[in-house]
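> give me a model of this one.
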Amino acid sequence: MKMEVNWNLVLLLGASFLMTHKSAGQNAWEIDKKESGIVVYTKAKKGSVFKAFKAVTSLKASADEIMEVLKNADDYARWYGYTKTSKLLRHEKDIQYNYVETIFPWPYRNRDMVYKMSIKALDSGVVKISLNGLPDYIPAKKGVVRMKKAEGYILLQSLGTHTDVIYVFHSEPGDNVPGWLANNSIAELPFKTLLGLKRVLKENKIP
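Residues are numbered from 1 along each chain as shown. Prediction:
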């Protein structure tokens with residue numbers, strides 16, 4: 001059954017947490033892709049040639065079930081968009097450090113980054129998962145380009161049998177990747193990620 005996006009939640013969380021601006025110019029979110037119950041928005045990022053994205057969907061799972069998948073960093077290649085390899089490097093209470101290698105198209109080399117993933121339950125009942133790239137956390141890997149910067153977050157709001165998800169992110173891939181090239185397909189990563197998350201949650205429930 002197709003799940004519809006809860007637009008009331010999107011507007012509520014957008015007012016409180018998302019990177020919004022009063023102007024309707026270059027910093028306004030615009031729909032880039034809308035398919036399979038997933039809506040991906042993109043917008044220009046001040047000081048960068050690379051756009052940021054915001055992806056929204058509703059998943060038939062609890063926030064705890066989604067968190068279980070997100071914490072299993074060793075399994076990201078199974079569902080996370082364009083992920084070649086991943087590994088949990090360190091864990092301490094509500095913080096963990098995940099290594100992720102992201103597939104890039106030829107002639108560019110793959111990118112990698114260590115992400116500090118911090119989990120916090122907000123007073124509103126929303127769970128916020130902050131994602132902060134740490135380019136100097138481990139030595140560079142031969143044949144792979146370390147990204148210069150990456151940061152974002154995921155918001156989870158449980159609503160009965162479903163959980164609304166908002167995924168916001170921006171990165172600087174480095175190594176002379178043209179902004180126009182990356183921006184042309186930027187919506188595909190969050191789309192494939194949320195589609196993969198939906199699939200793996202369903203697979204996990206199969207006895």
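> buried ones in the strand or helix carrying residue 67, by neighbour count?
When secondary structure is defined by DSSP states H and E, residue 67 falls within helix 63-71. Judged by neighbour count (16 or more other CB atoms under 10 Å), helix 63-71 contains these buried residues: 63, 65-67, 69-71. Any C-beta I mention is one placed from the backbone N, CA and C, and that applies to glycine too.
> using PDB, write out every CA atom in that helix.
Output for helix 63-71, consisting of C-alpha atoms alone and laid out as PDB, is shown next (Å, rounded to 0.1, in the frame of the first residue of the first chain):
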ATOM      1  CA  ALA A  63      11.300   5.000  15.400                       C
ATOM      2  CA  ASP A  64      13.100   2.300  17.400                       C
ATOM      3  CA  GLU A  65      13.000  -0.100  14.400                       C
ATOM      4  CA  ILE A  66      14.500   2.600  12.100                       C
ATOM      5  CA  MET A  67      17.100   3.500  14.700                       C
ATOM      6  CA  GLU A  68      18.200  -0.200  14.900                       C
ATOM      7  CA  VAL A  69      18.900  -0.100  11.100                       C
ATOM      8  CA  LEU A  70      20.700   3.300  11.300                       C
ATOM      9  CA  LYS A  71      22.900   2.100  14.100                       C
END
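> ok, then the element right after that helix?
Criterion used, DSSP H and E; the element after helix 63-71 is strand 83-92.
> packing partners of that following strand?
Helices and strands touching strand 83-92, by 3 or more CB pairs under 8 Å, 6 or more residues apart in numbering; DSSP states H and E, are strand 95-102.
> partner strands of the strand it packs on, with direction?
Sheet partners assigned to strand 95-102 using DSSP bridges are listed as strand 83-92 (antiparallel), strand 111-121 (antiparallel).
> out of the ones you listed, which is the most enclosed?
Neighbour counts averaged per stretch over those are highest for strand 111-121, at a mean of 19; criterion: mean count of other CB atoms under 10 Å.
> got the contact list for the helix or strand just after it?
Sequence order places strand 127-133 as the next helix or strand after strand 111-121, per DSSP H and E. Contacts to strand 127-133, defined as CB atoms under 8 Å, 6 or more residues apart in numbering, come from residues 17, 63, 67, 70, 113-122, 147, 149-157, 169, 171.
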